[in-house]
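Student: This is the structure alone, sequence omitted:
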């Protein structure tokens, strides 16, 4: 389950990255209709990210892995920021890319540790 969720989160942040790059801004933060659309579209993303965090925390606590629990917490927070910034475009591209790369790095480490456990 953790492996599947991790793969899906990687795909999600890839889609969000594309959205961030291909959307022209700025977005009016006071647009209530836009806010409601973002809220409904992102709710499952936030829930999914929370589920991943819980699974990943259990995984790193129970095993000898390279990922530290603080990295799980930071990655969870980074993904939340990626979700929001992908809609509101309120961060510089460099910062967005740093969040994106950092999240991918930890997600890849989780997958590597999972694969190492099954070898």
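Tutor: Happy to help now that I have it. All figures in this text were calculated on a predicted structure; none of them were measured in a lab. Numbering: from 1, shown residues only.
Student: CA atoms for contacts and neighbours, from now on please.
Tutor: Noted.
Student: So for the helix or strand that contains residue 54, mean pLDDT?
Tutor: Element membership for residue 54, per DSSP states H and E: helix 32-62. The pLDDT scores in helix 32-62 average 94.
Student: Residue 100 and residue 14, how far apart?
Tutor: Relative to residue 14, residue 100 is positioned 8 Å away (criterion: CA to CA, to the nearest Å).
Student: Pick out whichever of these two has more residues nearby.
Tutor: residue 100 (21 against 14; other CA atoms under 10 Å).
Student: how near is residue 9 to residue 15?
Tutor: Counting by CA to CA, the gap from residue 9 to residue 15 is 10 Å.
Student: These two: which has the busier surroundings?
Tutor: residue 9 (20 against 13).
Student: Which residues are in contact with that one?
Tutor: 48-49 (CA atoms under 8 Å, 6 or more residues apart in numbering).
Student: Give me the angle between the helix or strand containing it and helix 32-62.
Tutor: Using DSSP H and E, residue 9 sits in helix 2-22. Helix 2-22 runs at 140 degrees relative to helix 32-62, counting by axes from the mean of the first three to the mean of the last three CA atoms, to 10 degrees.
Student: returning to that earlier point: got a list of contacts for the helix or strand just after the helix holding residue 54?
Tutor: The first helix or strand that comes after helix 32-62 along the chain, using DSSP H and E, is helix 69-88. Helix 69-88 has contacts (CA under 8 Å, 6+ apart) with 13, 16-17, 19-20, 25-27, 29, 38, 42, 45-46, 49-50, 53, 56-57, 60-61, 91, 96, 99-100, 102-103, 106.
Student: Buried residues, helix 69-88. List them.
Tutor: Residues 69, 72, 74-80, 82-88 are the ones in helix 69-88 that count as buried (16 or more other CA atoms under 10 Å).
Student: Stretch 53-70 too?
Tutor: The neighbour-count check on stretch 53-70 (16+ other CA under 10 Å) flags 53, 55-57, 59-60, 65, 67, 69 as buried.
Student: Off-centre distance for stretch 55-62?
Tutor: 17 Å (CA atoms, centre = their mean, to the nearest Å).
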